[in-house]
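Engineer: coordinates only, sequence not included:
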Ligand SMILES: C=CC1=C(C)c2cc3[nH]c(cc4nc(cc5[nH]c(cc1n2)c(C)c5CCC(=O)O)C(CCC(=O)O)=C4C)c(C)c3C=C
Ligand code: FES
Ligand SMILES: [Fe+2]
């Protein structure tokens, strides 16, 4: 809540820590209820390991491959990961955002953190660097979601299956970020359309937004309110899809499974509500990660024009400095 690349609050120095402290007991309880912590590191490491194994097979000319995990707020932090990369004397680094859809609050904040790590150091140009910043409509990502949805739809009785509303739910953004021109809402929309194209538009569907934090206005419709609205319209069967998360963590295991599929379903009088699993270690998803990286390496891609384009209303100087720096880094 103090990361100004992620969220901008009035009197953030005070309000940020205040909101974080106030949330801590309830958030701790939620992590307790999903097994005492987030499984996100376990999943990310497994995805990295499986991706590298696949890469060694399909791209032997760039082998051996090794993954590093760089988190933004908990260990392994970005600084530690980069120190490890340098200590390992690697030749080639691909900075691969694990958010399929780019937001300045998420991927952007992480790229800015990489820039900050090197800001007062010489350009690390003994290593060849490049960036994969977004991949919202990669065909295997789309197929992973479509396959998981098709499987989960089978858990609904046949007579109602085609009427089940597919609720694609993504983490929301503050409205201020949306109006600044953050690309995330449209990229999430692109993933949704890709998945529905793959499924032949067989079911009714909606894109909704979850996990609002703090006092500022956020992008809606909110997932819980949308479900409640449909129940009021007499529509009662739902399949939730975590469309902007690549693995399980508090937002899927607690918010979607406990707060929506269990508590909200009962509260609003919905009938069946299931949740599609996140991509996790789905074979098609691992194929997606490996395909994205191998094509990137084969085509000698370094940095995209879209990455270098700031939001039209960006006022964050760090975005400017960071993008200038990455342009230099990725042409060295
Ligand atoms: C996938 C996209 C995500 C966006 C966009 C996003 C925006 C965003 N998040 C916060 C504040 C918090 N996020 C928290 C957890 C969390 N957020 C994402 C992803 C996105 N966040 C994930 C995958 C997770 C779960 C991590 C895990 O459990 O391992 C939290 C902590 C939990 C909580 O307090 O509820 C906070 C806080 C803001 C302000 C924001 C704004 C753009
Ligand atoms: S906020 Fe989007 S580029 Fe700065
Ligand atoms: Fe978040």
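Structural biologist: Noted; the coordinates are in hand. If you're wondering where the values come from, they're calculated on a predicted model, not measured in any experiment. Ligands and ions are numbered 1, 2, ... in the order given.

Engineer: same question for stretch 314-331, mean pLDDT?
Structural biologist: Mean pLDDT, stretch 314-331: 97.

Engineer: Is it in proximity to ligand 2?
Structural biologist: Yes: against ligand 2, stretch 314-331 shows contacts by Cβ under 6 Å from any ligand atom at 314, 316, 319. (C-beta placed from N, C-alpha, C; glycine too.)

Engineer: Need phi/psi at the second one.
Structural biologist: For residue 316, the backbone dihedrals are phi -90, psi 110 (criterion: degrees, to the nearest 10).

Engineer: So it is in contact with residue 6, correct?
Structural biologist: No: contact between residue 316 and residue 6 fails when scored by Cβ atoms under 8 Å: they sit 10.7 Å apart.

Engineer: More neighbours: those two, which one.
Structural biologist: Neighbour totals were compared for residue 316 and residue 6, and residue 6 leads with 20 against 17 (other Cβ atoms under 10 Å).

Engineer: got a list of what that one touches?
Structural biologist: Applying Cβ atoms under 8 Å, 6 or more residues apart in numbering to residue 6 gives the contacts 105, 106, 109.

Engineer: Quick check: residues of the stretch 151-300 of the chain near ligand 1?
Structural biologist: By Cβ under 6 Å from any ligand atom, the residues of the stretch 151-300 of the chain that approach ligand 1 are 171, 173, 174, 184, 213, 244, 245, 249, 250, 251.

Engineer: biggest separation within these, which pair?
Structural biologist: Maximum pairwise distance in these, criterion Cβ to Cβ, is 20.6 Å, between 174 and 249.

Engineer: Which strands and helices lie in contact with the helix or strand residue 44 falls within?
Structural biologist: Residue 44 is part of helix 40-58 when elements are defined by DSSP states H and E. Counting contacts by 3 or more Cβ pairs under 8 Å, 6 or more residues apart in numbering; DSSP states H and E, helix 40-58 packs against helix 283-298.

Engineer: per-residue confidence averaged over the helix it packs on?
Structural biologist: Here helix 283-298 scores 98 as its mean pLDDT.

Engineer: Throw the contacts of residue 6 into TSV and include secondary structure, thanks.
Structural biologist: Converted to TSV, the contacts of residue 6 look like this (DSSP: H, G, I helix; E, B strand; the rest coil):
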residue	secondary structure
105	coil
106	coil
109	helix
